[in-house]
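**Q** Model the following, please.
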Amino acid sequence: MKTFGERLRHAMRDFGPVCVGIDPHPQLLRSWDLPEDVEGLERFAEICVEAFDGLVALVKPQVAFFEAYGSGGIAVLERAIEVLRASGTLVLADAKRGDIGSTMDAYARTWLADGPLASDAVTVSPFLGFGSLAPALTLAEANGRGVFVLAATSNPEGAQVQRAVGADGRAVAQTMVDEAAARNAGSEFGSVGVVVGATLREAPDLSALNGPILMPGVGAQGGGPDTIRELVPEPMLGAVLPNVSRELLRAGPDVPALRARVHELQDAFAFLQK
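**A** Below you'll find the model as predicted:
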């Protein structure tokens, strides 16, 4: 069984590093002339799957926008994940789960086992302590799946926790990166990634990570090729996955237009794979 890191590396070489989001924000539904209900949500997801399937390295559905519609929304998410993964497109569920003990274990089984929401990877929050992620990390490794750990997010409020300095003199964000790096040690390319905002002024030291770096904030939030170059050392650029969501989705609902915009983004970020 190949690890998630191996599969992701292969996909990045085939399709480039861009990670596209499926974010059915109510404003986008309206701009696509879709109703703000489960029927509109389903059509939105179908268009995104048609546009992105087999075209990109990684697709990232934002779970919250599906959960907002209750059981019907979860059913739409299940179908989208199933179709994408059946064709070989990697899916990162952006769920940002984080808890302790049996609750974290339940979150892990939801996204990383073989249930209806099973994805290739999931985002997790480590701010109850990195050790609280053990159930997700263990299950991901056992099933050849991945975990992306929030480390240095781009929202201003994040600094209150993430830049706080611990007793060992490290910022919390750096500790999270170092813990992820320890899990990836010995791998050709690890399956424990970190989330680092593309709009930050300064990033943690990523040199030892040996795993993927998901960088949201590209596009509408102001991040782009130049900010990524400033934040990530050149030897690490090949591990970066710039995440583009709403700026890309504004090209919809026309599928050819969405695909054309993906190709433009892939060209813009091709330097990451050189």
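**Q** for the nearest residue to Ala164 once chain neighbours are set aside, what are its contacts?
**A** Using CB to CB, 6 or more residues apart in numbering and skipping the chain neighbours, the partner closest in space to Ala164 is Val172 (5.2 Å). Where you see a C-beta, it was placed from the backbone N, CA and C, and this is true even at glycine. Contacts of Val172 were listed using CB atoms under 8 Å, 6 or more residues apart in numbering, and they are Phe127, Val161, Gln162, Arg163, Ala164, Val165, Gly166.
**Q** Pro126 and Val147 touch, don't they?
**A** No - contact criterion CB atoms under 8 Å: Pro126 and Val147 do not qualify, at 9.7 Å.
**Q** Between the two, which is the more surrounded one?
**A** Legend: neighbour count by other CB atoms under 10 Å for Pro126 and Val147, higher for Val147 (28 against 21).
**Q** neighbouring contacts of the host helix or strand of that one?
**A** Following DSSP states H and E, one finds Val147 within strand 146-152. The contact list for strand 146-152, computed with CB under 8 Å, 6+ apart, reads 3-5, 8, 92, 96, 112, 120-127, 130, 133, 136-137, 140, 158, 162, 173, 176-177, 179-180, 191-197, 200, 203-204, 212, 214.
**Q** again, 6 Å this time
**A** 4, 121, 123-126, 136-137, 140, 162, 173, 176-177, 180, 191-196, 200, 204, 214 (CB atoms under 6 Å, 6 or more residues apart in numbering).
**Q** Buried residues of whatever helix or strand Ala173 lives in, list them for me.
**A** Assessed by DSSP H and E, Ala173 sits inside helix 172-184. If you call a residue buried by 16 or more other CB atoms under 10 Å, then helix 172-184 has these buried ones: Val172, Ala173, Gln174, Thr175, Met176, Val177, Asp178, Glu179, Ala180, Ala181, Arg183, Asn184.
**Q** Just send those back as JSON lines, with distance to Ile100 too.
**A** Compiled in JSON lines, the buried residues of helix 172-184 are given as follows (distance: CB to CB, whole Å):
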{"residue": "Val172", "distance to Ile100": "17"}
{"residue": "Ala173", "distance to Ile100": "21"}
{"residue": "Gln174", "distance to Ile100": "23"}
{"residue": "Thr175", "distance to Ile100": "18"}
{"residue": "Met176", "distance to Ile100": "16"}
{"residue": "Val177", "distance to Ile100": "21"}
{"residue": "Asp178", "distance to Ile100": "21"}
{"residue": "Glu179", "distance to Ile100": "16"}
{"residue": "Ala180", "distance to Ile100": "19"}
{"residue": "Ala181", "distance to Ile100": "23"}
{"residue": "Arg183", "distance to Ile100": "18"}
{"residue": "Asn184", "distance to Ile100": "23"}
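**Q** Show me the shaky parts of the stretch 1-150 of the chain.
**A** Of all residues in the stretch 1-150 of the chain, none has pLDDT under 70.
**Q** what ranges do the strands span in it?
**A** Assigned by DSSP state E, counting those that start in this stretch, the stretch 1-150 of the chain shows strands spanning 19-22, 58-61, 90-97, 121-124, 146-152.
**Q** who wins for proximity to Glu46 among these?
**A** strand 19-22 (10.6 Å; CB to CB).
**Q** Pairing partners for that closest one, with directions?
**A** strand 58-61 (parallel), strand 240-244 (parallel) (DSSP bridges).
**Q** CSV for the ones you listed, including mean neighbour count?
**A** Formatted as CSV, those follow (neighbours: other CB atoms under 10 Å):
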stretch, mean neighbour count
strand 58-61, 26
strand 240-244, 26
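**Q** now those in a markdown table, with distance to Gly223?
**A** Output for these, formatted as a markdown table (distance: least, CB to CB, whole Å):
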| stretch | distance to Gly223 |
| --- | --- |
| strand 58-61 | 15 |
| strand 240-244 | 8 |
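**Q** looking at these, which is closest to Gln266?
**A** Of those, the one closest to Gln266 (CB to CB) turns out to be strand 240-244, at 10.1 Å.
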